[in-house]
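*Asks:* how does the following fold in three dimensions:
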Amino acid sequence: MPNASIDTIVQKRIQSWLDGPYDAETKAAIKKMLKEDPQGLVDAFYTDLSFGTGGLRGIMGVGTNRMNRYTIQTATQGLANYLISQFTSPFNRVVIGYDSRHHSRLFAEVAAQVLAGNGIHVYLLKDMRPTPYVSFAVRYKNCQAGIMITASHNPAEYNGYKVYWQDGAQVVHPHDLGITKAAEKIQEIAQIKSSTLKDPLIEIVDDKLDEAYLAAIRPLQHFPEINKKEGKNVSIAYTSLHGVGITLAPKALTDWGFSNIHYVKEQIEPNGDFPTVKSPNPENKEALTLGIHTMQQTESDILIANDPDADRIGCVVLHQGNQVIINGNEMAALCAEYIAEVLKKTGKLPKNGAFITTIVTTELLKEIAKAYNVQLCEVLTGFKYIGEKIHQWEIQKSGELFLFGAEESYGYLIGTHARDKDAIVLSCLIAEMTLFAKKLGQTLVDRLHTIYRKYGVFKEKQLSLNFNPGKEGMEQIQQLMTALRKKAPAKIGGKGADKNKNDNKRNNGVEGIEAGLSQGLD
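*Replies:* Prediction:
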């Protein structure tokens, strides 16, 4: 397979797939790319798709740097080996779920076959379900681990493989490193053990588990009787952005009493192509366009938008005739204030209540926690660290009682039924908050303004940079990070680091961040 445009080492990696025990369709695809897209083939083979701290995520296709049945098999064999090394009991159990993306069901089945081939009992969900549902199922089924096949809100060409540990949270240290090392040891297909879908160790789980999930979140209502009686007075436009939220969010909302739901019909059918949006990310205004139109047509009080795997949630509020988008930090503040306020007014606010947030989420949560004498714990970026902290509190029995977890990227959790962000239960909480406000003649925007008057105005803006997902993009990212580390910006927003001044935290520092980046990269 000589090709002057392809590095010799990469050519050897490609040839090993052409000569190895791979299926004919895969080999044909490699040969086609060799003729028509040699650079694309280089990106597909120049490295291995790394098993990171939470699992795999990448573009689907042939090659060692792509999501396909073989990279799924490799990752799962590594997980199986690590599980067997950690749990001596012959009753290892793993639950596997998947979303609406292309090949998600196939990848879930491939993972199930490998686990069964290693003597591990598998609970394979019969139909697509949300990511937090898998986190819940790990705990409910008393499993040692869980797998969710999803790429969350990434574009359609991506898929992913998230791994959960026995507490229902995404794997963290030391298990993340242990699984990674175990997966790296799998160098050839001969090391992979695989069974068939008819293996008795693979148990198909039907939608009866839905009721267990609904029963777990039902007690999280603050006003169940009022919700049942008056929930229909809240008009809700809802979109699942072609994802799996449709399988559970309407059931949950109706169960809480919020049955007045208007669906964004163009986006309600699960579809891995996500045909109506450029990116199925509720953080992007463009993804909410059809939802806002439905909201206007139906004169709904709110629009609720779940991302494709329904672990994150976007919200738009009808306020004084306008549709106002609530960003991630604003929703975090609304939820925190509502939970603390209602619990205090009803005499249910515990002395040891606690919020958990990440270091990049709004400082406003600190002010809210302080006002209600609630502990606030900050963790590193990533909801897995919020899940880890909940678990630590439980096993250490240190006394903290988890009330609410939030990260700025539209991820939230109430309750401990799951240990990952959960847009299903948050859909219900937002509906309840809307009813609470409406009974007072307010909207959620009114409540947000009340929060600002009480604590001060906190505003921010996110700047996202997109890079080519191939080798070139990775090299650009590495160069940028190296430059930043060598010459960090001395000032952001026109201000330098001053421990005696905190007012800069309240500034909109977008221009300063941009200036700081250029300053550090010159």
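
*Asks:* and Q442, helix, strand or coil?
*Replies:* At Q442 the chain is in coil, as set by DSSP: H, G, I helix; E, B strand; the rest coil.

*Asks:* do you know how far it is from T450?
*Replies:* Applying CB to CB, to the nearest Å, the value for Q442 to T450 is 8 Å. Placement of C-beta: from N, CA and C, glycine included.

*Asks:* name the residue in the two with the higher neighbour count.
*Replies:* Using other CB atoms under 10 Å, the more surrounded residue of Q442 and T450 is Q442, with 16 against 13.

*Asks:* look up phi and psi at that one.
*Replies:* Phi and psi for Q442, reported as degrees, to the nearest 10, are phi -120, psi 170.

*Asks:* distance check, it against A406.
*Replies:* Counting by CB to CB, the gap from Q442 to A406 is 22 Å.

*Asks:* where exactly do the helices run in the stretch 351-500 of the chain?
*Replies:* Applying DSSP state H, counting those that start in this stretch to the stretch 351-500 of the chain gives helices spanning 364-371, 383-396, 423-439, 444-455, 471-486.

*Asks:* nearest to Y213 among those helices would be which one?
*Replies:* If you check each of these against Y213 by CB to CB, helix 423-439 wins as the nearest, at 7.9 Å.

*Asks:* about what we covered before: go through the helices of the stretch 351-500 of the chain and pick out the most buried.
*Replies:* Among these, the stretch with the highest mean neighbour count (mean count of other CB atoms under 10 Å) is helix 423-439, at a mean of 25.

*Asks:* need the helices of the stretch 351-500 of the chain in a markdown table (columns: distance to H102 and mean pLDDT).
*Replies:* Conversion of those to a markdown table gives the following (distance: least, CB to CB, whole Å; pLDDT from 0 to 100):
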| stretch | distance to H102 | mean pLDDT |
| --- | --- | --- |
| helix 364-371 | 38 | 98 |
| helix 383-396 | 25 | 95 |
| helix 423-439 | 22 | 98 |
| helix 444-455 | 36 | 98 |
| helix 471-486 | 22 | 86 |
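
*Asks:* please identify which of these is closest to N281.
*Replies:* Distances from N281 to each of the helices of the stretch 351-500 of the chain were compared using CB to CB; the minimum, 12.7 Å, belongs to helix 423-439.

*Asks:* gap between that closest one and the chain center?
*Replies:* A distance of 21 Å separates the centroid of the chain from that of helix 423-439, by CA atoms, centre = their mean, to the nearest Å.

*Asks:* next, format the helices of the stretch 351-500 of the chain as CSV and append distance to L318.
*Replies:* What follows is the helices of the stretch 351-500 of the chain, written out as CSV (distance: least, CB to CB, whole Å):
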stretch, distance to L318
helix 364-371, 23
helix 383-396, 29
helix 423-439, 10
helix 444-455, 9
helix 471-486, 40
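
*Asks:* what's the closest of the ones you listed to P270?
*Replies:* Among the helices of the stretch 351-500 of the chain, the nearest to P270 by CB to CB is helix 423-439 (15.2 Å).

*Asks:* compute the inter-axis angle for that closest one and helix 444-455.
*Replies:* Taking axes from the mean of the first three to the mean of the last three CA atoms, to 10 degrees, helix 423-439 and helix 444-455 form an angle of 80 degrees between their directions.

*Asks:* the chain should start at 334 in everything you say after this.
*Replies:* All right, first residue 334 from here; so that's helix 756-772.

*Asks:* just the CA trace of helix 756-772, in PDB.
*Replies:* This file holds the C-alpha atoms of helix 756-772, laid out as PDB (Å, rounded to 0.1, in the frame of the first residue of the first chain):
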ATOM      1  CA  ALA A 756     -32.400  17.400  32.300                       C
ATOM      2  CA  ILE A 757     -35.500  15.300  32.900                       C
ATOM      3  CA  VAL A 758     -35.900  16.100  36.600                       C
ATOM      4  CA  LEU A 759     -34.800  19.700  35.800                       C
ATOM      5  CA  SER A 760     -37.500  20.000  33.200                       C
ATOM      6  CA  CYS A 761     -40.000  19.300  36.000                       C
ATOM      7  CA  LEU A 762     -38.300  21.600  38.500                       C
ATOM      8  CA  ILE A 763     -38.300  24.500  36.000                       C
ATOM      9  CA  ALA A 764     -42.000  23.900  35.300                       C
ATOM     10  CA  GLU A 765     -42.700  24.000  39.100                       C
ATOM     11  CA  MET A 766     -40.600  27.200  39.400                       C
ATOM     12  CA  THR A 767     -42.700  28.700  36.500                       C
ATOM     13  CA  LEU A 768     -45.900  27.900  38.300                       C
ATOM     14  CA  PHE A 769     -44.600  29.300  41.600                       C
ATOM     15  CA  ALA A 770     -43.700  32.500  39.800                       C
ATOM     16  CA  LYS A 771     -47.000  32.700  37.800                       C
ATOM     17  CA  LYS A 772     -49.100  32.400  41.000                       C
END
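
*Asks:* three-state assignment of the spatially closest residue to D532 that is not a sequence neighbour?
*Replies:* Ranked by CB to CB, 6 or more residues apart in numbering and with sequence neighbours excluded, the top spatial neighbour of D532 is A449, at 4.1 Å. Classification of A449 by three-state DSSP places it in helix.

*Asks:* quick one: contacts for A449?
*Replies:* With contacts defined as CB atoms under 8 Å, 6 or more residues apart in numbering, the neighbours of A449 are V455, S527, S528, D532, L534, I535.
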